Every structure is written in C-alpha cells, then in structure tokens.
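sharing a model that was predicted from the sequence below.
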Amino acid sequence: MQDKEYFSNDDGLNLQTRKEYFNEILNLESGRILSDFWLEYETYGHFNGDNAIVICHALSGNCHAAGRYEGERKKGWWDDVIGANKAIDTNKYFVICVSILGANGGILGGSTNALSVEASTGREYRLRFPVLAISDVVRAQMRLFERLGIKKARAIIGGSLGGMQALCFGIEQSHFCDNIMILASTYATQPWAIAFNKIATEAIVRDSAFMGGYYDKEHIKENGLNGLSIGRMAGHISFLSPHSMAKKFGRNYSGTDGLYELFGRYEIERYMQYNGDNFARKYDPLCYLYVVKMMNNFDSTRHYNSLKNALLLSKARFYLLAFSGDLLFMPDEMEQISQALSELGREHFYSCEHSDYGHDSFLVENDITTKHIKRFLNENSK
C-alpha cells in the first residue's frame, strides 16, 4: 500500500491516495482471468463503519475526485461537490473513489491496465490484456471495500460511465447499497454513442505511431498520439451541445490567425485542437481503447432479457438525474430506467433538468448537481 501526501486548503477533506494489491484471481465476464491486480483509490473524511459513500468516475476520469496535490494546477474533477460543508460533506461522510480497472492516470499511476506488467510473463500486457466489462470493474471494487471493512455503503453516486457502474452495483451487488444516484447515463450504450466512439478508436489504430499497440509509451507521454487527439475532438463534441458551443465561442476567429489563411482557425477549432492535444499527452491510447470498449459493451439487460428483469434483482432506491442538452446519453435513456422502476412499483426519483451545456452538465452545472445530491442524501439519511 502506498500513500501520497496532499496539498489542500480544505482542512475537512482529509485526502488520502493509496494503492491496494490483490494477489488473487479475478474471474472476468469474458471467461478470462486476472491472476492478480491492484486498485488505486482516494478517500476523503473519516470512516466510522457506517458512513461510506462510493463515487464512480467517468470514462476519462480517475480516483482523484477532490482536493489538489502539490504542483497541480487543477483540483480533482468534482472538488466543488466533495469536501467539508459541501454537498457530499466530508465532515459527515467517508467518501471513496476508485480508479477503474483498465484505465491509466491517477496520482499513483492508476489501477491494473494494458500497460501493467503481467506477473506470469514479466512483460506488459499490451494487447494480451483482457477486455473488461463494467461488472468486472464493480467486482474488483467490492474486493477492495471488503478489505477496507466497508460492509455496506450509505450511497453510490456516479455520472456517465460512473452511472453505469452505479447501476451495476444496484443490480449485481444488491446487498451492498440501498441508495443509488445515477447522473447523465444509460442502462445500455446506444448506437449513437458507439458511433462517436468509433471515430476515436479508428483514429487511434490507424495512426502509424500506434504501432499495433506496441508504441514507445514514454514517447507518447511526452508527445501524445495524433490519433487519440483527433478521437478526443470527436468525443468532445458529444460532451457539449450546439448551444454551449455557440454561447462560449460564437463565430469568433482566433486573433493570431488570418481569416483567409487556409489553416486559420475559429476559436472553436482552436479550443478543440487544444483539448485534443492536451488529453493525448495525459491519457494512454491503448487504455483509452479498452475503456471505450468497456463502455460500448455495457448493457445492464444482457443477462436478464429485459430492463425490468434486471431491476427486479435490485433492492435500491434509485435517484435518476438527466440533462436536457445531453447528446451522448439522451434523457429518454434515463427515463426508460424510471419507467421500468414505475412498472415494478419501485419508489424512485427521476428528473430531467434543463441544461444547454450538454453531457458534461453533471460535471459543470454545480448548482444543479449540488441541489440534487443534497436532496438525495438528505432523503436517505432519515
């Protein structure tokens, strides 16, 4: 186990980052196994045996959800939500966020992924790494919670890919939590989202520098991969909305570029290029392929014939929050979960909030998310 010292102005956060190693087999949905694995995770607040809240991160996220480490420019991805006297109050709750299997990143390098060394061969997995399912990610986290003495969580909260994890917890680990909040997610990834992901995956694998997955990872860390940068640009379009782009950028032209230069850029073009290039230097392309495949494969009904049958297994009260401008996981996908719960006579909450920002509303519309998270936690503390 490793710890990382932190820098934060929030004395109530008590941020800790650790890696936990498991010298044991994890059986995967595909029929393959991981003979051993590790998980990087971050905790906030203090555990009293009955106050744990699990936060599940999205596709390009990691366990660093709040606080800031020495030398970091940005705080964790949900710092406005997690902390002392915030919506998820670390004076009251012990909060834990785990970097999912298959993804890189994180303060300590992330959890086991395609760049990890396989114990039996002494070499990096690369393309020998198994395709993972959301169910595998959740089962691995359950191993961690058991080791940490978290027998039952007060709540599980996740958006986007994190919402898929939260739904999987509710269906497949129904004993673990009675209160689950899902934001901007779906019960099964639809063709529209898979199509956006296809642009990213094709851009990566067709880049000659990808070298069939056996690229120089240090070179990629320093320079990025053009294919991943292009793929991220395509994906980022689905995270925003036409309204948010028009409001933020309009038809403004880059002040450093000539209007009649062939490669002159509008501000939206400059932003997309900056975002894509920056992401490609932070996220490993092979890990991105594995996590995107995990997202594409997600279907909570896969083993149960229908959504209603799947939800029959759950004992949880669901709190479902969609956003009207979400073009990736559209509100009607969340509404179908609500309809299935209604048909089963299950108490739950569903709201589609107006937001012109797009899919990333759950990360940036903090007034909305804070309001609903407070309501969710207050209702379930009675």
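Ah, there it is.

show me where the stretch 251-382 of the chain has strands.
With DSSP state E, counting those that start in this stretch as the criterion, the stretch 251-382 of the chain has strands at 317-323, 348-353.

so in the chain, where's the weakest helix or strand by average pLDDT?
The least trusted helix or strand in the chain, going by mean pLDDT, DSSP states H and E, turns out to be strand 3-4, with a mean of 56.

show me what secondary structure element comes after it.
Using DSSP states H and E, the helix or strand that follows strand 3-4 in sequence is strand 16-22.

does anything pack onto that next one? Which helices or strands?
If contacts are counted by 3 or more Cβ pairs under 8 Å, 6 or more residues apart in numbering; DSSP states H and E, strand 16-22 sits against strand 3-4, strand 37-44, helix 134-148. C-beta: built from backbone N, CA, C; applies to glycine.

dump the ones you listed into a markdown table; add mean neighbour count and distance to S116 as well.
Formatted as a markdown table, these follow (neighbours: other Cβ atoms under 10 Å; distance: least, Cβ to Cβ, whole Å):
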| stretch | mean neighbour count | distance to S116 |
| --- | --- | --- |
| strand 3-4 | 14 | 19 |
| strand 37-44 | 24 | 8 |
| helix 134-148 | 20 | 13 |
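
would CSV of the ones you listed with distance to K308 be doable?
Output for those, formatted as CSV (distance: least, Cβ to Cβ, whole Å):
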stretch, distance to K308
strand 3-4, 44
strand 37-44, 33
helix 134-148, 19
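
go ahead and confirm R18 touches L39.
No - using Cβ atoms under 8 Å, R18 is not in contact with L39, being 9.0 Å away.

need the helices for the stretch 101-250 of the chain, in chain order.
For the stretch 101-250 of the chain, the helices defined by DSSP state H, counting those that start in this stretch occupy 134-148, 161-172, 191-205, 217-223, 226-239, 242-249.

now render the ones you listed as a markdown table, adding distance to H354 and mean pLDDT.
As requested, the helices of the stretch 101-250 of the chain are exported to a markdown table (distance: least, Cβ to Cβ, whole Å; pLDDT from 0 to 100):
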| stretch | distance to H354 | mean pLDDT |
| --- | --- | --- |
| helix 134-148 | 29 | 98 |
| helix 161-172 | 19 | 98 |
| helix 191-205 | 21 | 96 |
| helix 217-223 | 40 | 91 |
| helix 226-239 | 18 | 94 |
| helix 242-249 | 11 | 94 |
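
nearest to N275 among the ones you listed would be which one?
Proximity to N275 (Cβ to Cβ) singles out helix 226-239 among these, at 5.7 Å.

CSV for the strands of the stretch 251-382 of the chain, including mean pLDDT and mean neighbour count?
Formatted as CSV, the strands of the stretch 251-382 of the chain follow (pLDDT from 0 to 100; neighbours: other Cβ atoms under 10 Å):
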stretch, mean pLDDT, mean neighbour count
strand 317-323, 98, 25
strand 348-353, 98, 18
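
S338: which of the ones you listed is closest?
strand 348-353 (3.8 Å).

just the CA trace of the closest one, in PDB.
Extracted C-alpha coordinates of strand 348-353, given in PDB (Å, rounded to 0.1, in the frame of the first residue of the first chain):
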ATOM      1  CA  HIS A 348     -37.600   6.200  -7.100                       C
ATOM      2  CA  PHE A 349     -36.900   9.800  -8.200                       C
ATOM      3  CA  TYR A 350     -36.400  11.000 -11.800                       C
ATOM      4  CA  SER A 351     -35.700  14.400 -13.000                       C
ATOM      5  CA  CYS A 352     -34.600  15.800 -16.400                       C
ATOM      6  CA  GLU A 353     -33.100  19.200 -15.700                       C
END
